[in-house]
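In: predicted model, plus sequence, below.
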Amino acid sequence: MAYVIGIDGGGSKTAICFTKLERAYIKTEMDTDQAETATMSNTNYAVPTHNGPSIAEPLYLTGPASNPQSVGYGQMKTVLLSLIHNGMKRFDIAPDEICAMCVGLAGVGRQPERERVEQIVREIITDLHLHPNLPYTVHHDAHIALRGALRPDHASGILVIAGTGSIAYALDPDGHAYRSGGWGHLLGDEGSGYWIGMQALQTVCRAAEYRGPQTALTQLILDAYGLQSEKELIHLVYGAPDKSESNENSNINPNSNEDTRSTRTPSLRDKTQIAAIAKLVIHAAEWKSSEYPVFVSRMGTCGPQRTESSRTSESHSHHNQTGDPVAIQILERAADELVLLVRSILSQMRLDKTASTIPVTVAGSIFQHSRIVKQHFIQKLQAETLGLYQEPQAEPIHGAVIIAKELI
């Protein structure tokens, strides 16, 4: 039997997929140029048009984060090596049955970063006794996400990702790559979960001083974090974490029935915590009063909390509304920012005659959970003839499998 490996590593988890091929081979002898070509990840991505070997049912495993910019290159190697080893053991795959591998990782958008990861992958190949001439490649996670999202008959297209951060990535018909956004939460990430969360917090602060319209987001955020007034947001965002908060993750026992929420000090000192507020904005914009208690409880111990004293707010008058105008405006502005990423990509690609037909697709939690963002985004694309929207075909991990298969 023969298998290809696809890996999708991000800032929160890493997924690996072993896909069995009906027919495959490994070149037992590769000259220096071929070996360099098989492992190279530069900005000119060739997009083969051949169908390659047929594939069977894939096998999956997930593990911890592997973004080297977040966890470090050493931890990244540990995660990847462990997942490949555990997968081979669990699925009874011998080292010589692995015939190609594609590693897609967040945090490797520049050539020096990819080259460092390529060296680590070579070390993993040696450590696990895989074929010494195993063809492999390393790509930014946006690249594998785009390949997975595009239809099989499309070699070019644009992918807009809006999760905690935001970025647009594209391939032109010649296989050249383009990107827009991806500057991080301090310099950019417009339209992302973090950006939406920050807009909500700033809107609440303005409303508190009558510098902006009143909004249901005020009570939602105060209730969710157990606050009595908007002024308490200052400590929530800027205050130094106490000892119990610093150690909260290590003290939580997932198998315990004990409710530890009453002893936690909630905080908004991390970009993922601020991005979690986007859930409240989405809910306020698509208001259904009966969903409020369920929605907030689902955020769990890692997100905003509701205290016992705040439960009386379920009868608050704003629960009778059918969509908070301020929340709707934030989400529509988020969509506008994401459309700007598409416009930027098209300007870089200079596809004047075919700009209206190039496929545009999306990924990320904001598009997944916000009907308003997605609809407004699609409407703006159509109004400005910025590409042709299509639903994503598959998850990013499948894009990694497709690329791995093309190496054979």
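Out: On my side now, so go ahead. Numbers count the residues shown, from 1 in each chain.
In: where along the stretch 151-300 of the chain do the strands fall?
Out: All strands of the stretch 151-300 of the chain, identified by DSSP state E, counting those that start in this stretch, fall at 157-162, 166-171, 177-181.
In: how about the ones you listed in JSON lines, adding mean pLDDT, distance to His283 and mean neighbour count?
Out: The way it works is simple: take the backbone N, C-alpha and C, and place the C-beta from them, glycine included. Formatted as JSON lines, the strands of the stretch 151-300 of the chain follow (pLDDT from 0 to 100; distance: least, Cβ to Cβ, whole Å; neighbours: other Cβ atoms under 10 Å):
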{"stretch": "strand 157-162", "mean pLDDT": "92", "distance to His283": "17", "mean neighbour count": "29"}
{"stretch": "strand 166-171", "mean pLDDT": "91", "distance to His283": "20", "mean neighbour count": "27"}
{"stretch": "strand 177-181", "mean pLDDT": "91", "distance to His283": "26", "mean neighbour count": "20"}
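In: can you list the domains in the chain?
Out: Listed by automatic domain parsing, the domain ranges of the chain are 2-152+394-406, 154-389.
In: which stretch in those domains has the least confidence?
Out: The minimum mean pLDDT among the domains of the chain belongs to domain 154-389 (a mean of 76).
In: quote the end-to-end distance of it.
Out: Domain 154-389 has an end-to-end distance of 13 Å (Cα to Cα, to the nearest Å).
In: adding distance to Ala400, write the strands of the stretch 151-300 of the chain out as a markdown table.
Out: A markdown table is the format used below for these (distance: least, Cβ to Cβ, whole Å):
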| stretch | distance to Ala400 |
| --- | --- |
| strand 157-162 | 14 |
| strand 166-171 | 14 |
| strand 177-181 | 16 |
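In: which one of these lies closest to Arg151?
Out: Proximity to Arg151, assessed across those by Cβ to Cβ, is greatest for strand 157-162 (8.4 Å).
In: so which residues of the stretch 301-408 of the chain form helices?
Out: 325-349, 365-369, 371-383, 396-406 (DSSP state H, counting those that start in this stretch).
In: what's the answer for the stretch 101-250 of the chain, then?
Out: Along the stretch 101-250 of the chain, counting by DSSP H, counting those that start in this stretch, helices occupy 111-127, 141-149, 193-208, 216-225, 233-238, 243-246, 248-251.
In: deepest of the ones you listed, which one?
Out: Highest mean neighbour count of these: helix 141-149, a mean of 28 (counted as mean count of other Cβ atoms under 10 Å).
In: and it, how far out from the chain's middle?
Out: 11 Å (Cα atoms, centre = their mean, to the nearest Å).
In: counting contacts, what elements does it pack onto?
Out: Counting contacts by 3 or more Cβ pairs under 8 Å, 6 or more residues apart in numbering; DSSP states H and E, helix 141-149 packs against strand 2-9, strand 98-105, strand 157-162, strand 166-171, strand 359-363, helix 396-406.
In: can you redo the ones you listed as TSV with distance to Ala65?
Out: Rendered in TSV, the data for those read as follows (distance: least, Cβ to Cβ, whole Å):
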stretch	distance to Ala65
strand 2-9	7
strand 98-105	10
strand 157-162	17
strand 166-171	18
strand 359-363	18
helix 396-406	15
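In: tell me which of the helices of the stretch 301-408 of the chain sits nearest to Gly193.
Out: Closest of the helices of the stretch 301-408 of the chain to Gly193 is helix 365-369, at 5.7 Å (criterion: Cβ to Cβ).
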